[in-house]
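K.L.:
Got a predicted model here, sequence first, then my questions.
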Amino acid sequence: MRLPATTGTGRRRQGAGDSGWTGRTALRSVPQGSVGLIRRRRRRPWRRISGLRREELARLAGVSVDYYTRLEQGRSRSASAEVLDALATALRLDDAERSHLHTLARPRPAQRRRPRPQRVHPATWDLLDTLQQTCRPGFVLGRRLDVLANNPLAGRLITDFRALPAAERNQARFVFLDPHARELYRDWTRVATETAAMLHLDAGRHPDDPALSALIGDLSIRSEEFRSFWSDNKVHRRTTGTKDYHHPLVGDLTVTYQALTPGDDPDQILIVYGTEPGSPPETSLRLLAQWNRAAAGTGSVTAQAPVAHD
């Protein structure tokens, strides 16, 4: 386990596939005064880097500086749940960050077998078809943000991942490497930041996944923005929210989304988009559905053969 480097230490080097804890930014964002620490008078009253020092975080968490240092440097795996919760509270971590911290702290046996290929359950394909019939885009994400399935309306709104080679059906690749994504998302920076943060969360859950390491390495080489967002070391779990699009056919629209987990695979996420009945975004989605039916001759997704992803 490795905890965040505090402002009293040198910067920790970040590898492309580094799944270490991501809280250095959180440390710097917590003002001393807001947690009851008094700023002492110094010749140089302002620190070169704002935020908490190692000894201050240890004090807030109720542990010794030596113990925290060993945790931070990955030289101890004995942290209790209570200590981790105290650190998370001191750092003001959200639920996803707190869960990520606990995940990294668990001893993990070396993975000797390749993970089983992910397959979308037939019931999930049926649900995607039902969503299509009600003009609701839907798609399934797997490990590494691989796009395992999407209904035609999601393909018309975002991009038709089913038409891409299997190795390129990945949300992170689309966001960072496809020029269309920068025009499609009205707030591309927010989408890209969250995408890198979701990969960080996945890296904590699957640190021995060679395909994930290869993906992160490739994105790091080909995208300067990805390198920057990855080094921020944030984590993000998609639950509910909104997404703003600037679509070349229907213009600007905002949709809500909800992330659901199919019961047969905890590493899959079903993303369902929605709009308010009678709203301009709903009209836009209905227009996209009509254009899709005219172009394809059918709105069914069940005719698309499921593809397994490693």
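P.N.:
Okay, I see it.
K.L.:
and the longest strand along the chain, average pLDDT?
P.N.:
The longest strand of the chain (DSSP state E) is strand 251-260. Mean pLDDT, computed over strand 251-260, is 96.
K.L.:
roughly how far apart are the closest residue to Q171 other than its chain neighbours and V65?
P.N.:
Spatial nearest neighbour of Q171, excluding adjacent residues (Cβ to Cβ, 6 or more residues apart in numbering): L145 at 4.2 Å. In this view, the C-beta of every residue, glycine as well, is placed from N, C-alpha and C. In this view, L145 and V65 are 38 Å apart by Cβ to Cβ, to the nearest Å.
K.L.:
So between the two, which is more surrounded?
P.N.:
More crowded of L145 and V65, by other Cβ atoms under 10 Å: L145, with 21 against 15.
K.L.:
wait, that one sits on H200?
P.N.:
No: in this structure L145 lies outside contact range of H200 using Cβ atoms under 8 Å: 11.2 Å.
K.L.:
Can you say which helix or strand has E282 in it?
P.N.:
helix 280-296 (DSSP states H and E).
K.L.:
Show me what that helix is packed up against.
P.N.:
Secondary-structure packing of helix 280-296 (3 or more Cβ pairs under 8 Å, 6 or more residues apart in numbering; DSSP states H and E): helix 152-157, strand 251-260.
K.L.:
Please identify the buried residues of the longest strand of the chain?
P.N.:
Across strand 251-260, burial judged by 16 or more other Cβ atoms under 10 Å covers 253, 255, 257.
K.L.:
so where do the strands sit in this protein?
P.N.:
138-141, 147-150, 240-247, 251-260, 269-274.
K.L.:
Send me the helix holding E282 as CSV with only the CA atoms.
P.N.:
C-alpha atoms of helix 280-296 as CSV (Å, rounded to 0.1, in the frame of the first residue of the first chain):
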residue,chain,number,x,y,z
PRO,A,280,-35.9,19.7,-26.7
PRO,A,281,-33.3,17.0,-25.9
GLU,A,282,-36.0,14.3,-26.1
THR,A,283,-37.0,15.6,-29.5
SER,A,284,-33.3,15.5,-30.6
LEU,A,285,-33.0,11.9,-29.5
ARG,A,286,-36.2,11.0,-31.4
LEU,A,287,-34.8,12.6,-34.5
LEU,A,288,-31.5,10.7,-34.1
ALA,A,289,-33.6,7.5,-33.7
GLN,A,290,-35.5,8.2,-36.9
TRP,A,291,-32.3,8.9,-38.9
ASN,A,292,-30.8,5.7,-37.5
ARG,A,293,-33.9,3.6,-38.6
ALA,A,294,-33.7,5.2,-42.0
ALA,A,295,-30.0,4.4,-42.4
ALA,A,296,-30.0,0.9,-40.9
